[in-house]
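> generate a structure from the sequence data that follows.
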Amino acid sequence: MRSAILAVLTGGVLLGSAACGSDPKPTSAPQPVTSARIEATPTASPSAPDYSADNDVVCRRLDKAFTTGFGDFGKAIGKMIAYKEAKDKAGAAAAEKTAAAELQAVATEIRKQVATAKNPDLKASAIVSVGKIETSAKNRDYIEKIKTTKDLDKNLKIQIAEWLNPVAGYCAIS
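Got it, this is the predicted structure:
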């Protein structure tokens, strides 16, 4: 599970960094100044707060929440697959319900871990992740598509990327 999360994040980081070099070039040269007198006006801009130390702390907590929570979610999915392969519909339904409950627990833990974050952008991004995870816990279509371990990779990679993408710009979740 951790390698799948890491692979998704690595792909997202590479795509994000590739996009940085695609800014359009200016179409015209700068116009010459026609005035003989140029006044220097100081541009005092307040420096943005440095959240790096707090981001590190919050990201470590989020990493632990994601890793632990997705581990429990993965165990429930594994049980569901085993029940489906054994044609045990009741067991599969119960395991699917447990998996959804584990996802909700991940969302709750993320919300808790980011509550004291000082960086409002990191906090907002984590809350977006929480919303996506909570939506997935309620709408379990992607879980129902998982019948074998082969289906697991195919269906879950997309979901994990969607869940983690909002915080990937701030945290390197492993």
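> please make it C-alpha for all contacts and neighbour counts, starting now.
Fine.
> how about low-confidence regions in this structure?
The chain contains residues with pLDDT under 70 at 1-46, 173-174.
> kindly recompute the last result at 90.
Within the chain, the ranges that satisfy pLDDT under 90 run 1-49, 140-145, 147-160, 169-174.
> which strands and helices lie in contact with the helix or strand hosting Ala105?
Ala105 belongs to helix 89-114 when assigned by DSSP states H and E. If you count contacts as 3 or more Cα pairs under 8 Å, 6 or more residues apart in numbering; DSSP states H and E, helix 89-114 packs onto helix 52-85, helix 120-138.
> ok and the last one relative to helix 89-114, angle-wise?
Helix 120-138 and helix 89-114 meet at an angle of 170 degrees, taking axes from the mean of the first three to the mean of the last three Cα atoms, to 10 degrees as the criterion.
> quick one: contacts of helix 120-138?
Contact with helix 120-138 is made by 55, 100-101, 103-104, 106-108, 110-111, 114-115, 117, 162-167, 170, as judged by Cα atoms under 8 Å, 6 or more residues apart in numbering.
> buried ones among these?
Listed as buried from these are 55, 100-101, 103-104, 106-107, 110-111, 114, 117, 163-167, 170; burial here means 16 or more other Cα atoms under 10 Å.
> re the thing from before, any chance of the helices and strands packed on helix 89-114 in JSON lines, plus distance to Ile146?
Shown next, in JSON lines, are the helices and strands packed on helix 89-114 (distance: least, Cα to Cα, whole Å):
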{"stretch": "helix 52-85", "distance to Ile146": "7"}
{"stretch": "helix 120-138", "distance to Ile146": "14"}
